[in-house]
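Engineer: sequence first, predicted coordinates after that:
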Amino acid sequence: MDKLVISGGAKLEGEIRISGAKNAALPILAATLLSKQPIVLANLPHLQDVTTMLELLRTMGVDVTINEDMSVEICAGSLNSVIAPYDLVKTMRASVVVLGPLLAHFGEAIVSLPGGCAIGSRPVDLHIRGLEALGATINVEDGFIKAISNGRLKGAKILFDMVSVGATENILMAAVLADGTSIIENAAREPEVIDLANLLIAMGAQITGHGTDTITVEGVEALHGCEYKVMPDRIETGTYLVAAAMTGGKIKLKDTDPSTLDAVLMKLEDAGLKIEIEGNNIIGDMTGRTLKAVDITTAPYPAFPTDMQAQFCVMNAVAQGVSTIKETVFENRFMHIDELIRMGCDAKVNGNTCIITGVKQLNGAPVMATDLRASASLVLGGLVATGDTVMDRIYHIDRGYECIEEKLRQLGAKITRLVGKR
Ligand code: UD1
C-alpha cells in the first residue's frame, strides 16, 4: 500500500492552480445519464472518485471518450444496464446519485445500498422518500435499492426534513424529466448543487431557485447534449489556504471561485491569515503574523463546511489559544483527532464537540488516514511537525485531492510517495 512521507518545516510559497470540484463533478457525471446525446465536460479533476464514477457509467454501457484537450465526452445513448453494482458503490457512496437520473430517463434503476461509512451511518432515506413522492415504486431488497416508475415520473412538492446535498441532487435530476412542476423545499444551497443545476439548464432543463432553499423545476420531455465546465474545488482551495496559514507562508491559488468560500475565508482571516482576492485568484499571506485559534460550528452552506472541519482542527492544534469545534452535519467525524493526538495535539472530544488547546509544536509520527478530509488534516500536520510523518492508507487522499504531492512540492513542501511499501 502506498504511503506519504512528509518532512515538516518548510514555509509554503508560490502558486498553484485549483482543480475542478470533486463534489460537483460526481453528480454532473451522473446527470449525463439524463440525455441520449453527448455531454462534453471540461475541468473534471483527475481523482479516484471521478475514475470510479466513469467506471460505473461504463459498466452500464455508457460511452466515455477522453478528448485530446482532456475534456471528457459522455454519451448515455448506448446504455444497456440500469444496475449500479455493489463492488463500485461500496468504494464510493456518492454513486447513489445515479438513482434519480436512471429512474427518470429509463424508468428503472437498481442501485446497491452504499453501506456504512467511516464518518457516520449516512442513510439514504431522504433520496428514497423524495423519489417516491415523484411517483416511483421503491423496494430495498438483497442490499439493492430497486426503483421503478410507471411511465414518466410526476412533478410533486418535496419537503426534506433535513438538508441533504446528495438527496437534493438526486431529486433535482429526477424532477427535470418528470411530468409537471416539482418544488423542492429545504433544498441544499451548496455551490455544487448550483453547478449541477446550471449543467441541467445547459441541457435544456427548466429550473429556478437553485442556490436558495426552494428549487422549482418544470419537467421537460427530453434533455439534449451540451458542453460544460465544472466549477473549481472550494474545499481544495480552503485546504491549501490552511497550509499557508499553518506554515507562515504566502501562496497564490489560481482559477478558484472566492465567492464560494465566504465562511472559510472569514475564519481564516480571524485566524490571522491576510487574504487578497484578485478575480478568480486568492492570495493567502501569513508572513510575520501570529496564528490564532478560531471556534467553528459546521452546518450546511452558506455556514462553515464540514469538509473543512478536520483541516481547521489541525490548524487550531498549532495556533495560539483554545478553540471549540462543533460538528453538526455528521456523527462520528472526529476520527482524525486520535491520529493528531499521536502527533502531540492537545484535544478532547465530547460527543459532537472537540476542544483543542494550541501547542507550540507537533511531532512527526506514523499515522493512518481514516477518511478523505481526515487525511488532509494529517498531511497539514506533517507540514509543520518536527521530523517525518508517515501516512498510511493514502487512497483516501487520492479520492479527493488532485496531484497533492506535486502541488505541495511546487509550493516548497517536502513530501514523497512511497509506492507499494508495507
Ligand atoms: C455531500 C458531500 C460531502 C459533504 C456533505 C455535507 C458529495 C459527493 N459529498 O455528501 O463531501 O461532507 O455533502 O456537506 O457531494 N442524511 C440522512 N438521510 C439521507 C441523506 C443524508 O439522514 O437520505 C444525513 C447524513 O447522514 C448527514 C446529513 O444528512 O448527517 C448530510 O448529508 P448529505 O448532505 O446528504 O451528504 P452527502 O450528499 O452524502
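Structural biologist: Great, that's in hand.
Engineer: which residues in the stretch 251-400 of the chain form strands?
Structural biologist: 274-278, 281-285, 296-297, 322-326, 346-350, 353-357, 366-368, 388-392 (DSSP state E, counting those that start in this stretch).
Engineer: turn those strands into a markdown table, including mean pLDDT, mean neighbour count and distance to residue 192.
Structural biologist: Backbone N, C-alpha and C define where each C-beta goes, glycine included. A markdown table is the format used below for the strands of the stretch 251-400 of the chain (pLDDT from 0 to 100; neighbours: other C-beta atoms under 10 Å; distance: least, C-beta to C-beta, whole Å):
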| stretch | mean pLDDT | mean neighbour count | distance to residue 192 |
| --- | --- | --- | --- |
| strand 274-278 | 98 | 14 | 21 |
| strand 281-285 | 98 | 20 | 19 |
| strand 296-297 | 98 | 20 | 20 |
| strand 322-326 | 98 | 18 | 23 |
| strand 346-350 | 97 | 14 | 28 |
| strand 353-357 | 98 | 19 | 26 |
| strand 366-368 | 93 | 19 | 28 |
| strand 388-392 | 94 | 21 | 27 |
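Engineer: could you dump those strands to JSON lines with distance to the ligand?
Structural biologist: Converted to JSON lines, the strands of the stretch 251-400 of the chain look like this (distance: least, C-beta to the nearest ligand atom, whole Å):
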{"stretch": "strand 274-278", "distance to the ligand": "23"}
{"stretch": "strand 281-285", "distance to the ligand": "21"}
{"stretch": "strand 296-297", "distance to the ligand": "14"}
{"stretch": "strand 322-326", "distance to the ligand": "14"}
{"stretch": "strand 346-350", "distance to the ligand": "17"}
{"stretch": "strand 353-357", "distance to the ligand": "16"}
{"stretch": "strand 366-368", "distance to the ligand": "20"}
{"stretch": "strand 388-392", "distance to the ligand": "20"}
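Engineer: want to throw those into JSON lines with distance to residue 69?
Structural biologist: Putting the strands of the stretch 251-400 of the chain into JSON lines (distance: least, C-beta to C-beta, whole Å) gives the following:
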{"stretch": "strand 274-278", "distance to residue 69": "26"}
{"stretch": "strand 281-285", "distance to residue 69": "23"}
{"stretch": "strand 296-297", "distance to residue 69": "39"}
{"stretch": "strand 322-326", "distance to residue 69": "42"}
{"stretch": "strand 346-350", "distance to residue 69": "46"}
{"stretch": "strand 353-357", "distance to residue 69": "44"}
{"stretch": "strand 366-368", "distance to residue 69": "38"}
{"stretch": "strand 388-392", "distance to residue 69": "34"}
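Engineer: residue 242 is nearest to which of those strands?
Structural biologist: Counting by C-beta to C-beta, residue 242 lies closest to strand 281-285 out of these; the figure is 8.7 Å.
Engineer: give me the helices and strands touching the closest one, please.
Structural biologist: helix 234-247, strand 250-254, strand 274-278 (3 or more C-beta pairs under 8 Å, 6 or more residues apart in numbering; DSSP states H and E).
Engineer: and of these, who's closest to residue 180?
Structural biologist: helix 234-247 (34.1 Å).
Engineer: can you give me the buried ones in the closest one?
Structural biologist: Residues of helix 234-247 classed as buried by neighbour count (16 or more other C-beta atoms under 10 Å): 234-247.
Engineer: residues from the stretch 151-300 of the chain in reach of the ligand?
Structural biologist: 162, 164-167, 192 (C-beta under 6 Å from any ligand atom).
Engineer: swap the cut-off to 5 Å and go again
Structural biologist: Proximity of the stretch 151-300 of the chain to the ligand, by C-beta under 5 Å from any ligand atom, involves residues 164-167.
Engineer: so which of these is surrounded by the most neighbours?
Structural biologist: In terms of neighbours by other C-beta atoms under 10 Å, these top out with residue 167 at 26 neighbours.
Engineer: so what's that one up against?
Structural biologist: 124, 126-127, 130, 160, 188 (C-beta atoms under 8 Å, 6 or more residues apart in numbering).
Engineer: state the three-state secondary structure for residue 401.
Structural biologist: coil (DSSP: H, G, I helix; E, B strand; the rest coil).
Engineer: check what pLDDT it gets.
Structural biologist: The confidence metric pLDDT takes the value 95 at residue 401.
Engineer: that one and the ligand: what is the separation?
Structural biologist: As judged by C-beta to the nearest ligand atom, to the nearest Å, residue 401 and the ligand stand 13 Å apart.
Engineer: name the nearest residue to that residue, ignoring sequence neighbours.
Structural biologist: residue 236 (6.2 Å; C-beta to C-beta, 6 or more residues apart in numbering).
Engineer: and the helices in the stretch 151-300 of the chain, which stretches?
Structural biologist: 165-175, 191-202, 234-247, 262-270 (DSSP state H, counting those that start in this stretch).
Engineer: report the distance from the third one to the chain centre.
Structural biologist: Here the centre of helix 234-247 is set off from its chain's centre by 15 Å, with C-alpha atoms, centre = their mean, to the nearest Å.
Engineer: ok so, going back, can I get the helices of the stretch 151-300 of the chain in JSON lines with mean pLDDT?
Structural biologist: Formatted as JSON lines, those follow (pLDDT from 0 to 100):
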{"stretch": "helix 165-175", "mean pLDDT": "98"}
{"stretch": "helix 191-202", "mean pLDDT": "98"}
{"stretch": "helix 234-247", "mean pLDDT": "98"}
{"stretch": "helix 262-270", "mean pLDDT": "98"}
